[in-house]
Structures are given as C-alpha cells and as structure tokens.
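[1] Return atomic coordinates for the entry below.
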Amino acid sequence: MATTLNAAEVRGHIDDKGVLIVDEPIPLAGPGAVRVLVMLESNGDDEDRLWDTAIARADTWDDLKHPDEDIYTLNDGRPLAP
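    As a prediction, the model looks like this:
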C-alpha cells in the first residue's frame, strides 16, 4: 500500500541540547506519525563554503587531471574585451 505524504512548513529552532522545538502549531490533522526534514537557515556564506569544499573534494574532477584532457593553450580563443 502506498504512503501519501502531506507537507507543512513551520518555523522552529534547535535548543542547546540539540532538540528541535517547533514555534507554532502544525496545520495538519493529527495526531499521527510524521517525517521531519530539518533545513538550517544560513546567511549564504556558510552554504557557499560547504559547496566549495564538497566540490573540491569530489573525485568527479580527477579525470580532468589526465594529460589527454589538457587540450587548450593560452593561445586558444579570444581575449574578453575589458
């Protein structure tokens, strides 16, 4: 039997013990079991730094280190106009 998921967005915070506290009632019928997805708010700088680190560590780019991939020189293409 398939499970139907309904979603509601509510605000909350995580206390100093790591416990999630929801700041408002959840506008769905209850009581019942829930699945919780936590999305931490960020000013953007932290998130950008995490992405940069993850991308730099990914082995996806290892193929580009192979000498056969080094096909361009500084003489290829046209300079960008200032």
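
[2] switch to C-alpha atoms for all contacts and neighbour counts from now on
    OK.

[3] Could you verify that residue 50 is part of a helix?
    Yes. Read with DSSP: H, G, I helix; E, B strand; the rest coil, residue 50 is one of the residues of a helix.

[4] Neighbours of it, how many?
    Look at residue 50: counted by other Cα atoms under 10 Å, it has 12 neighbours.

[5] try residue 33
    With other Cα under 10 Å as criterion, residue 33 counts 6.

[6] Distance check, it against residue 5.
    Distance of residue 33 to residue 5, computed by Cα to Cα, to the nearest Å: 11 Å.

[7] show me where this protein has strands.
    Counting by DSSP state E, the chain has strands at residues 12-14, 20-22.

[8] Adjacent strands (with direction) for the first one?
    With DSSP bridges as the test, strand 12-14 is paired with strand 20-22 (antiparallel).

[9] residues near residue 13, how many?
    There are 14 residues near residue 13, going by other Cα under 10 Å.

[10] for the record, mean pLDDT for stretch 56-75?
    Per-region confidence: stretch 56-75 scores 83 on mean pLDDT.

[11] Please shift the residue numbers so they start at 3 in all later answers.
    New numbering, starting at 3: the last item is stretch 58-77.

[12] got the end-to-end distance for that stretch?
    Using Cα to Cα, the end-to-end distance of stretch 58-77 comes out at 27 Å.

[13] Likewise for stretch 16-36?
    Stretch 16-36 has its terminal residues 18 Å apart, counting by Cα to Cα.
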